[in-house]
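Trainee: Just to be clear, the model below is a prediction. Sequence and coordinates:
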Amino acid sequence: MLKFSVAATALLRGVAAGATTSPCDALKAAGLGERLILPGDAGYISEVNSWWAKNGRQNADCFVLPHTREEVATALTALTSGPIAGGNSSIAVRSGGHNAAGFSSTANGVTIDLSPLNATSYNAETNIASIGPGGKWQYVYKELFKHGITVTGGRDGDVGVGGFLLGGGNSYYSGRQGWGCDSVINFEVVLANGTIINANRTVNADLWQALKGGGNNFGIVTRFDMEAVQAPLIFTDTRFLSKNYSYAMVDAVVGFADSDESLADDAFFTFFSHDTDTSPEIFSAAVHVNTQGITNNPTPFDEARSLPALQNFTLVEDIATAAAQSQVAPGAWSYGMTLTFSNDKQIANYVVTRHEEFVESLKKLMAPEDFFTQMFLQPLPSYRWSIGKQRGGNVLGLDDLTNNALLYTAGVGMFSDDAPRDEAYALLMEMEDEVVAFAKSVQGDMEFIYMNYADAGQNPLGTYGASNIEFMKDVAAKYDPTGVFQTLIPGGFKIQNVQ
């Protein structure tokens, strides 16, 4: 356990006593002046624009980019002991900046940007990969692949490590390893009071479990120690089809969701999109991956593979290359939401049809070339549910489920700052309500909401079950008794707001 230095503590007492007048001044007084980016600095605008979505790009009073866990502790304690504690400013914490809701940025206070904490290392004796929260998966994989190993990480290479793992983490490797958070052996955490602790199966085990899906309610994670797995080249088959073949995509994703462990090395998702840069402008597509590089394993995708493709990319490559090639382009106003429902072909067909109707409604608001949409269906076969419990437990509330499921995500992106964003968002929320109603009508609705895809208006923590909600509240109160992560760091989904 590490604590703040005596000299720094004395300095912060001066901050709290009024020696500084702003949060940014408090950071300077704490010795972090060289880590600050202020308005007017040469790098300020590029820092703002480094967030993936435009609605995540906010002009903080300043950005602080700590390079060590001790500097994270210094920044956090300086801010929470100083002007922010008694004022109207807030703190945001950023890992990769891929959240579209602005959860990792602020326009009224300080953003702690963890991107310099991006080191990746591997200990062959323990088979543990140690990964900084500011890393992005394409670079994490590239470093680990030098050792012939990988971890249960993200598919989009631009996604940050911290948010992905704290929200659960759905991965190509989830068939064998469960959610990404289930592979975390140890979290290194900076608490609100500046103490640096480890949380694992034997030390602070309650915090270890709560961090696996509990988001940013407890502390700032400065290192993830993850169990590594062997990393042979993977097989990827990406196929784009006319929307007229949507039935084949539905059959494939339903088939994967009904699969057993014999397909645990196979991952699949299908998506449907409106994009005028393609022909036709509405298409269906799928990505099939075999993590062992097997190219001819029979799967429910075989029928779709026999259909004429608009485009097809079949590769055997390393996971780092696959992640680098699987990025959603940045720079749009982006809105999305997610639901989970039982693996029911009726519901899958309904959301495909409803997506096409959504596109037509958006066309009444703006020109077809001014927006794009994406709607994903991802299989969640029931054999995965128990993996988390076998690995020490998480807080997602899925351990005892028995039904196969589909993870549904829908969103819209707009490029123009003058786009009718409020109206488009309202249509998205209307579609969410209708999908929920339809799933209920066929007894296929499920409570679980996946945090990493959730809209700000959704309540993922509230879907984890009463016992997990109470557990997370107790853990938050124990490790953050003054409620810093509930009040002064308001971004993200807060356990105190869950009834």
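Mentor: That came through, no problem. Numbering: from 1, shown residues only.

Trainee: how about Y350, what does it touch?
Mentor: For Y350, the contact set (CB atoms under 8 Å, 6 or more residues apart in numbering) comprises 435, 438. Backbone N, C-alpha and C define where each C-beta goes, glycine included.

Trainee: With S242 as the reference, measure out to it.
Mentor: According to CB to CB, to the nearest Å, Y350 and S242 sit 20 Å apart.

Trainee: now F218
Mentor: Taken as CB to CB, the span from F218 to S242 is 47 Å.

Trainee: go on, F493?
Mentor: Per CB to CB, F493 is found 38 Å from S242.

Trainee: just checking, L427 touches L362?
Mentor: Yes - between L427 and L362 there is a contact at 6.5 Å, judged by CB atoms under 8 Å.

Trainee: where do the contact lists of these two overlap?
Mentor: With CB under 8 Å, 6+ apart, L427 and L362 have common neighbours V412.

Trainee: neighbour count winner among these two?
Mentor: L362 (23 against 19; other CB atoms under 10 Å).

Trainee: In this model A426 seems to touch the more buried one, though I could be wrong.
Mentor: No - here L362 does not reach A426: they are 11.0 Å apart, not a contact under CB under 8 Å.

Trainee: what residues do those two have in common as contacts?
Mentor: With CB under 8 Å, 6+ apart, L362 and A426 have no common neighbours.

Trainee: hey, where'd the helices end up in the stretch 201-350 of the chain?
Mentor: Taking DSSP state H, counting those that start in this stretch to define them, one finds helices in the stretch 201-350 of the chain at 205-211, 246-257, 302-305, 319-324, 345-363.

Trainee: does L114 really touch V93, like I thought?
Mentor: Yes - with contact defined as CB under 8 Å, L114 and V93 form a contacting pair (6.8 Å).

Trainee: related to what we said a few turns ago, and the helices of the stretch 201-350 of the chain, which one is worst for confidence?
Mentor: Lowest mean pLDDT within these: helix 302-305, at a mean of 94.

Trainee: Quick one: closest of the helices of the stretch 201-350 of the chain to Y464.
Mentor: Shortest distance between Y464 and the helices of the stretch 201-350 of the chain, using CB to CB, is found for helix 205-211: 10.5 Å.

Trainee: Now do the buried residues in the closest one.
Mentor: 207-211 (16 or more other CB atoms under 10 Å).

Trainee: List the neighbours of that helix that are in contact with it.
Mentor: By CB under 8 Å, 6+ apart, helix 205-211 touches 166, 181, 184, 186-187, 189, 197, 199-201, 217-219, 221, 392-395, 471-472, 474-476, 478-479.

Trainee: tell me, what's touching L114 and V93 both at once?
Mentor: I220.

Trainee: Point out where the stretch 1-150 of the chain drops to low pLDDT.
Mentor: For the stretch 1-150 of the chain, the stretches with pLDDT under 70 are 1-20, 82-87.

Trainee: Can you identify each of the helices in it by residue range?
Mentor: Going by DSSP H, counting those that start in this stretch, the stretch 1-150 of the chain shows helices at 6-14, 23-29, 44-48, 69-81, 83-86, 137-145.

Trainee: Could you list every helix and strand in contact with the last one?
Mentor: Right, the one you point to is helix 137-145. Judged by 3 or more CB pairs under 8 Å, 6 or more residues apart in numbering; DSSP states H and E, the packing partners of helix 137-145 are strand 120-123, helix 161-166, helix 319-324.

Trainee: helices or strands next to the first one in the packing?
Mentor: So the one you mean is strand 120-123. For strand 120-123, the packing partners by 3+ CB pairs under 8 Å, 6+ apart are strand 128-131, helix 137-145.

Trainee: Columns distance to G102 on top of the ones you listed, output as a markdown table?
Mentor: Below are the helices and strands packed on strand 120-123 laid out as a markdown table (distance: least, CB to CB, whole Å):
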| stretch | distance to G102 |
| --- | --- |
| strand 128-131 | 25 |
| helix 137-145 | 22 |
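
Trainee: now those in JSON lines, with mean neighbour count and distance to A466?
Mentor: Compiled in JSON lines, the helices and strands packed on strand 120-123 are given as follows (neighbours: other CB atoms under 10 Å; distance: least, CB to CB, whole Å):
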{"stretch": "strand 128-131", "mean neighbour count": "22", "distance to A466": "33"}
{"stretch": "helix 137-145", "mean neighbour count": "22", "distance to A466": "33"}
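
Trainee: Which of these sits closest to R155?
Mentor: Among the helices and strands packed on strand 120-123, helix 137-145 comes nearest to R155, with 7.7 Å by CB to CB.

Trainee: Below-threshold pLDDT in the stretch 151-300 of the chain: ranges please.
Mentor: Within the stretch 151-300 of the chain, not a single segment meets pLDDT under 70.

Trainee: Quick one: the strands in it, in order.
Mentor: Residue ranges of the strands in the stretch 151-300 of the chain, as given by DSSP state E, counting those that start in this stretch, are 184-190, 196-200, 220-227, 229-230, 234-242, 266-274, 282-290.

Trainee: got the angle for the second one vs strand 220-227?
Mentor: The reference is to strand 196-200. Using axes from the mean of the first three to the mean of the last three CA atoms, to 10 degrees, one finds that strand 196-200 and strand 220-227 are set 40 degrees apart in direction.

Trainee: so how many other residues sit close to T80?
Mentor: So T80, with other CB under 10 Å, has 23 neighbours.

Trainee: residues in contact with it?
Mentor: T80 makes contacts with 91, 192, 482, 484, 488, as judged by CB under 8 Å, 6+ apart.

Trainee: Run a quick neighbour tally on the nearest residue to it once chain neighbours are set aside.
Mentor: The shortest distance from T80 to any non-neighbouring residue, by CB to CB, 6 or more residues apart in numbering, is to V484 (5.1 Å). By other CB under 10 Å, 20 other residues sit near V484.

Trainee: V484 and A228, how far apart?
Mentor: Taking CB to CB, one finds V484 at 33 Å from A228.

Trainee: now swap in M446 and tell me
Mentor: Counting by CB to CB, the gap from M446 to A228 is 32 Å.

Trainee: Looking at those two, which one has more neighbours?
Mentor: Applying other CB under 10 Å to M446 and A228 shows that A228 carries more neighbours, namely 21 against 18.

Trainee: so A405 touches A257, yeah?
Mentor: Yes - between A405 and A257 there is a contact under CB under 8 Å: 6.6 Å.

Trainee: what is in contact with those two at once?
Mentor: 343, 379-380.
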